[in-house]
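J.: Just a sequence and a predicted model for now, questions to come.
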Amino acid sequence: MTDAPLPPDNLIQDCPIRRFEDGAPKAMVDKVITEARIELDLNDGKHSLAMLCLPHDLESLAVGFLIGEGALRDRSELHDVRVNVENNKVFIHGDLDEDALEAMASRWTWGTGCGSGGTGRDLDSPAFGRVGQGLTIGPNKLIELARTFTGKADMWKSTGGLHACALADTEKVLLFAEDVGRHNAFDKIMGRAFLDGIDVTDKMVLMTGRLSAEIVSKAVACGLSMLVSRSAVTALGAKLAGRFGLTLVGFLRGKRLNVYTGFDRVVAD
């Protein structure tokens with residue numbers, strides 16, 4: 001199962017623009033991110049889905065999405081993943097949960113991920129309880145990890161058109177991904193962790209995007225206990241996180257951060 005990513009030069013494109021400064025126009029070239037429509041073919045066309053995303057790390061994206069939706073629960077259930085970059089398709093074969101796939105097809109209109117990027121799984125199910133203890137960390141270490149994380153986000157910094165996401169333990173950043181949608185970036189991280197056999201229950205996810213209810217619901221579905229972002233936390237996101245015992249850290253910028261829920265996991269240095 002190997003991904004065939006586009007060359008980096010194809011992920012960022014030049015776009016002629018007209019910039020106005022002090023009311024005067026100037027012809028320039030700006031850098032814009034590539035966005036593509038990708039199709040997921042599940043078990044030889046038995047189910048099919050489409051998404052808009054950054055056409056990179058597609059294997060991880062597809063697998064992470066299926067994990068979050070409950071269609072894929074164990075590594076043994078995944079038989080094969082094949083990426084056809086030329087046709088923008090990902091072919092997946094496995095013992096996928098049919099009920100989850102049917103629910104997914106009926107609930108989802110999948111785009112870049114700003115309006116429908118949570119999980120279709122029923123969080124009221126007995127399968128979802130409060131998360132485990134997870135990890136504890138001091139604010140200075142969080143700030144250090146965030147600095148390392150943003151240092152990896154070259155495309156995010158050069159275009160402003162992406163979201164970045166990373167998986168980290170209390171010492172280092174383990175996995176990193178970028179995508180046009182923050183939900184897609186999250187799925188890429190979860191998919192890669194699944195494929196690499198990394199337990200996420202004692203890890204945290206760092207993000208550039210806001211921590212809304214959709215992202216929190218994905219974290220609950222994947223067994224995470226901490227989400228960290230340089231952006232905002234929504235009221236519904238905080239309410240859902242409190243219900244399941246997640247720690248939400250927002251506005252981590254410079255030497256300052258806000259802890260909104262799960263205060264016991266961020267301990268004073």
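T.: Done, it's in. Model, not experiment: these values are computed from the prediction. Numbering: from 1, shown residues only.
J.: Am I right that D199 sits in a strand?
T.: No - counting by DSSP: H, G, I helix; E, B strand; the rest coil, D199 is not part of a strand but coil.
J.: For the stretch 51-200 of the chain, which segments are assigned as strands?
T.: With DSSP state E, counting those that start in this stretch as the definition, the stretch 51-200 of the chain shows strands at residue ranges 78-84, 89-94, 163-168, 173-179.
J.: Which residue is the nearest non-sequential neighbour of the spatially most central residue of the chain?
T.: Within the chain, one residue has its C-alpha closest to the average C-alpha position: by C-alpha atoms, centre = their mean, that is F186, at 0.9 Å. With C-beta to C-beta, 6 or more residues apart in numbering as the measure, C165 is the residue that lies nearest to F186, at 5.3 Å, once sequence neighbours are left out. All C-beta spots, glycine's among them, are computed from the backbone N, C-alpha and C.
J.: Then S158?
T.: On the basis of C-beta to C-beta, 6+ apart, the spatially nearest residue to S158 that is not a chain neighbour turns out to be K31, at 5.7 Å.
J.: Under the pLDDT cut-off, which ranges of the stretch 101-250 of the chain? List them.
T.: Confidence mapping of the stretch 101-250 of the chain against pLDDT under 70 gives the ranges 105-128.
J.: Doesn't A50 belong to a strand?
T.: Yes - the assignment for A50 is a strand, going by three-state DSSP.
J.: That one against A36, yeah?
T.: No - A50 lies out of contact with A36 (C-beta atoms under 8 Å); the separation is 10.5 Å.
J.: re earlier: which of the strands of the stretch 51-200 of the chain sits closest to D22?
T.: Minimum separation from D22 across these (C-beta to C-beta) falls at strand 163-168, 31.9 Å.
J.: Helices along this protein, start to end?
T.: Using DSSP state H, the helices found in the chain span residues 8-11, 58-68, 98-107, 139-152, 154-159, 182-196, 213-222, 235-244.
J.: now N140: how far from N10?
T.: Look at N140 and N10: by C-beta to C-beta, to the nearest Å, they are 39 Å apart.
J.: who's more crowded, A50 and A36?
T.: The neighbour comparison of A50 against A36 (other C-beta atoms under 10 Å) goes to A36, with 17 against 14.
J.: rewinding a little: can you get me a residue count around the residue nearest to S158?
T.: Neighbourhood size, K31 [other C-beta under 10 Å]: 13.
J.: Would you confirm that it contacts W156?
T.: No - the pair K31 and W156 does not pass the contact test of C-beta under 8 Å, sitting 11.6 Å apart.
J.: which residues does the nearest residue to A62 once chain neighbours are set aside contact?
T.: Nearest residue to A62 in three dimensions, chain neighbours excluded: V90, at 4.5 Å (C-beta to C-beta, 6+ apart). Contacts for V90 (C-beta atoms under 8 Å, 6 or more residues apart in numbering) come out as I38, E39, L40, D41, L58, E59, L61, A62, V81, R82, V83, N84.
J.: picking that back up, if you compare the strands of the stretch 51-200 of the chain, which one is most tucked away?
T.: Using mean count of other C-beta atoms under 10 Å, the stretch among the strands of the stretch 51-200 of the chain with the greatest mean number of neighbours is strand 163-168 (a mean of 25).
J.: partners of that strand in the sheet?
T.: Sheet pairing of strand 163-168 (DSSP bridges) gives strand 173-179 (antiparallel), strand 204-207 (antiparallel).
J.: export these to CSV and tack on distance to A27?
T.: Written out in CSV, the entries for these read as follows (distance: least, C-beta to C-beta, whole Å):
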stretch, distance to A27
strand 173-179, 29
strand 204-207, 36
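J.: So which of the ones you listed is nearest V220?
T.: Checking the strands paired with strand 163-168 against V220 by C-beta to C-beta gives strand 204-207 as the closest, at 12.1 Å.
J.: Need the residues that contact that closest one.
T.: The set of residues external to strand 204-207 that reach it, using C-beta under 8 Å, 6+ apart, is 134-135, 137, 145-146, 149, 163-169, 173, 182, 185-186, 189, 215, 219, 224-231.
J.: Measure how far it is from the centre of its chain, please.
T.: The chain centre lies 9 Å from the centre of strand 204-207; the measure is C-alpha atoms, centre = their mean, to the nearest Å.
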